Structure formats: structure tokens, C-alpha cells
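> coords below, sequence missing:
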């Protein structure tokens, strides 16, 4: 378990220092924080989760840091710190049951985690300290109460999943409050209950009036896509969980007692983790974005297991050892996969920086080998989040900007161009002069760019 947790922490540190926080909406969120130079409201129903991401950057601003590279690291810390903090809380409260939050992390978070800026990640993470305090900490201790209150406060405005998780946790907190003997502990549970109760209508409002009209549709389409094609990590997770369920059988436990079984499982873990390097053309990290529903499904499923462990411990006593070891193995396999996928991301950023160094003005990705192909040699290429590539190029490139990369065309061949054409115009570029960003070389090259000429009114691509 210790080795798996260390590899998990190592994978997150690697992600921080390779700017993986800028994938997906990350570059847009980072840009907004840079422009606001403080806490920036994004979507009301998710703001507290967003503030978790932004907190280290805001602290850096208060300390006078204005170097974009350092601020980028601070942003990465904010994006990847939710789960280590939540897991640390759970370990402090109930170390014997730590394997539950490890399993939740591996089966839920790490199947939907490549997009670092994802409020469902924060909601799932801080769900578990509340559960651990309610279910396992008896009697309630002051430290557990404080961790539960902080976690519940974050959940108030975190993600639409609280529409389902909030009422369940509210009922659990109420039952604990009713049975508490200590007045201060009863008050803590009642305050927690009120915060969780408030989270549900806020989540409902976010569901009915999403900040982006396509959120609900993409959530549904993501479920259907994963059901039709689970993808590498989801498929292996299903098989691994099936093995854990099979441990209810004494025959399976006897089989796992043989060293050869663990050698085979070790080989599976290595293959699982190395897959992004072995088959780069099959690495499609967007599948993790589609699987974000797991950050609702997994906590709902494992909540029943947590209650079983707390109230009917004899039911899982016989297979506890196997469950702990297999949970650690799942965390290890998923962490190794993320290390390999992040290494592919790191080298892809080198490719983008190389393209920007070799050209001036607007670079059309489709005109390079990295646009139409899922891989070029051993380099995976399916990392582009079309709508935010311009922001990311500014954030990862030199401060003296001389070129920006235009993402591939979508749907009818013109959709991205039509949506983004205005953003590439010199007058529309984000103002980041306070961070040393200078667009003069890009403007000189792009002003007479034939690509911008194609976008003038009355011209067709």
C-alpha cells in the first residue's frame, strides 16, 4: 500500500511539473486567474471547487510572484492537491479503512483524471472525509470534526453530483447528530448536515441552468461512449473489480494465496501502466473526460461498502486482506498509466514548442504530421483541446510570442475556424503584459497572414 501511494503521489508531482493542468479547460481557467489576479468566479454552482484550484495561485500573487512559469506550477499544485489532501484526512481518521478511499481514487478519480480542471474531481475527493467522519470516527474527535466541516463547506458549491450525494450525506449526518452524546459533536454534525442540505438545490440549479449549454449533453454522451467503448483503463478496472468481488469465494482467495498469482497480477500491472508508451496511437485521453460520471457512480457504489465495513464487519472480514492488496494494486496500475500518459503529454508539449519556434504567425496543426495522425512514431498526438489551444500556446511558449497554433478542423471542416478566427486577430489576444508576454513578432507576421485573409467577411475557406 505504501509503495502504491508513493507512486500515486509521484504521478501527481510529475503532472504538476509537466503543465498537465493546462490540458482541456485548464489553460482557459489559468488564463482567467492570471487576468483576474485573484479568486475568479467561473460557474456559481462549482465555485468552491474552482477556488481549490486557484488557491495556490492566489497565495503566490499575495507573495508578489509574477513569473508565469512559477504561477503555472502553483496552478498545477491546486489542480492536483484535492485527492492527496482528502486521502490524508481519511488516513488520519480511520487508517484501518484507508483502502476504501484508495479504491475510490483508483476506480473513480484515476479513470477520469487526465483533465485536471474538473470540479467533479474535487466533489468526489471531499466526499470521502465526510463519509469517514460520519461512519468510522466514533466518538467524533475535534480533528475529525474540523476535517468534516472543511470538506462539507467545499462540497456546498462543487459539482452537480451533489444533487445525488448531498441528500444521502445529509441523512447520514442527521442520524449521527441524533445519536451523539456530546453537545459540541452534535452541533458539528448539524452544521455539516445544513451545508450538505444546501448543496443539493445549488447542484439542481447548476443542472437546470448549466454555465455551458452543452454540459448535460456531453455528460450523457460520455456515458454512452464509455458503455460502447470503455477504453483501456476502464476495461481493466472492470476486470480488476470483478476479481475483487470474486474474492468472496474461498476458492479464489486460495488461488490468490499462491505466489504465481501475484506474479501474474504484477505483469498485468506493468502492461496496464506501460500501455501509453507501448501503443501511443491508442492513447486517447479524451476517454477520461467522457468517464467523469464515474466520480458519481463510484462514491455511490462504495458508500454501501463503507457502511458494510462499519456496521457489518464480519461480512468482509474473510477477504479483507485480498481487498486491501488488490486496492493497492489498482492504485499502482492506474498511477503507472498516468505516469506514462503524462510522459507522452510532456513530449507533445515539446513538439508544440518546436512548431512555434520554427514558424511565425499562425501555424495550422493540420498541415503538420501531428494534426491528422493519432501518433507520429512513438509520440501520441491526441491531446489537443481545440477551443483552448491558443491559450495553451501562449502559456507554454516563450514570453516573446512569434507564432500560435490553430487546432484541427472539426465536423464540416470549418467549425473551429469560424469559432476561433476572432481570437487569433491581434486585437483579440489576451492582455498579459504584466507577465512579460509580448506579441509584437506574432502581430507583425499574422497581420499579412493568408489564413487571416481567408477569414475576412465574404471569403470562404
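That came through, no problem. All values reported here derive from a predicted model rather than from experimental measurement.
> CA only for contacts and neighbour counts going forward, please
Noted.
> ok, which stretches of the stretch 251-400 of the chain are strands?
With strands called from DSSP state E, counting those that start in this stretch, the stretch 251-400 of the chain shows them at 361-364, 375-376, 379-380.
> highest mean neighbour count out of the ones you listed?
strand 379-380 (a mean of 23; mean count of other C-alpha atoms under 10 Å).
> and that strand, what does it pack against?
helix 320-358 (3 or more C-alpha pairs under 8 Å, 6 or more residues apart in numbering; DSSP states H and E).
> in the helix it packs on, what's buried?
Buried residues in helix 320-358, defined by neighbour count with 16 or more other C-alpha atoms under 10 Å: 320, 322-324, 326-346, 348-349, 352-353, 355-356.
> check contacts around residue 21.
Applying C-alpha atoms under 8 Å, 6 or more residues apart in numbering to residue 21 gives the contacts 15, 27, 75, 76, 79, 115, 116, 117.
> how about these in CSV, adding pLDDT and secondary structure?
Formatted as CSV, those follow (pLDDT from 0 to 100; DSSP: H, G, I helix; E, B strand; the rest coil):
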residue, pLDDT, secondary structure
15, 96, helix
27, 92, helix
75, 96, helix
76, 96, helix
79, 95, helix
115, 89, coil
116, 90, coil
117, 90, coil
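> most surrounded residue in the residues you listed?
Neighbour counts for the contacts of residue 21 (other C-alpha atoms under 10 Å) peak at residue 79, which has 32 neighbours.
> check contacts around that one.
Residue 79 touches 21, 52, 53, 54, 116, 117, counting by C-alpha under 8 Å, 6+ apart.
> try it again at 7 Å.
Contacts for residue 79 (C-alpha atoms under 7 Å, 6 or more residues apart in numbering) come out as 21, 53, 116, 117.
> once you drop chain neighbours, what's closest to the second one?
Taking C-alpha to C-alpha, 6 or more residues apart in numbering, and ignoring the residues beside it in sequence, residue 53 has residue 78 as its nearest neighbour in space, at 4.1 Å.
> which residues touch that neighbour?
By C-alpha under 7 Å, 6+ apart, the neighbours of residue 78 are 52, 53, 54, 55, 56.
> just how off-centre is the helix or strand encompassing it within its chain?
Assigned by DSSP states H and E, residue 78 falls within helix 68-80. Centroid displacement of helix 68-80 relative to its chain, using C-alpha atoms, centre = their mean, to the nearest Å, is 14 Å.
> ok, then the element right after it?
helix 82-93.
> following that next one, which helix or strand comes up?
Per DSSP H and E, the first helix or strand lying C-terminal to helix 82-93 is helix 98-107.
> check which helices and strands the next helix or strand after that next one sits against.
For helix 98-107, the following helix or strand on the C-terminal side (DSSP H and E) is helix 119-135. In terms of contacts (3 or more C-alpha pairs under 7 Å, 6 or more residues apart in numbering; DSSP states H and E), helix 119-135 is packed against helix 47-62, helix 82-93, helix 142-156, helix 294-311.
> check which helices and strands the longest one sits against.
Using 3+ C-alpha pairs under 7 Å, 6+ apart as the contact criterion, the secondary-structure elements in contact with helix 294-311 are helix 119-135.
> hey, which helix or strand in this structure has the poorest pLDDT?
The weakest-scoring helix or strand in the chain, judged by mean pLDDT, DSSP states H and E, is helix 415-420 (a mean of 56).
> now the contacts of residue 79 in JSON lines, with distance to residue 361?
Shown next, in JSON lines, are the contacts of residue 79 (distance: C-alpha to C-alpha, whole Å):
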{"residue": "21", "distance to residue 361": "26"}
{"residue": "53", "distance to residue 361": "32"}
{"residue": "116", "distance to residue 361": "29"}
{"residue": "117", "distance to residue 361": "29"}
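> out of those, which is nearest to residue 131?
Nearest to residue 131 out of those is residue 53 (C-alpha to C-alpha; 22.6 Å).
> roughly how far does the nearest residue to residue 41 once chain neighbours are set aside sit from residue 345?
With C-alpha to C-alpha, 6+ apart as the criterion, residue 41 has its nearest non-adjacent residue at 6.0 Å, and that residue is residue 47. To residue 345, residue 47 is 28 Å away according to C-alpha to C-alpha, to the nearest Å.
> can you check residue 134 too?
From residue 134 across to residue 345, the span is 40 Å (C-alpha to C-alpha).
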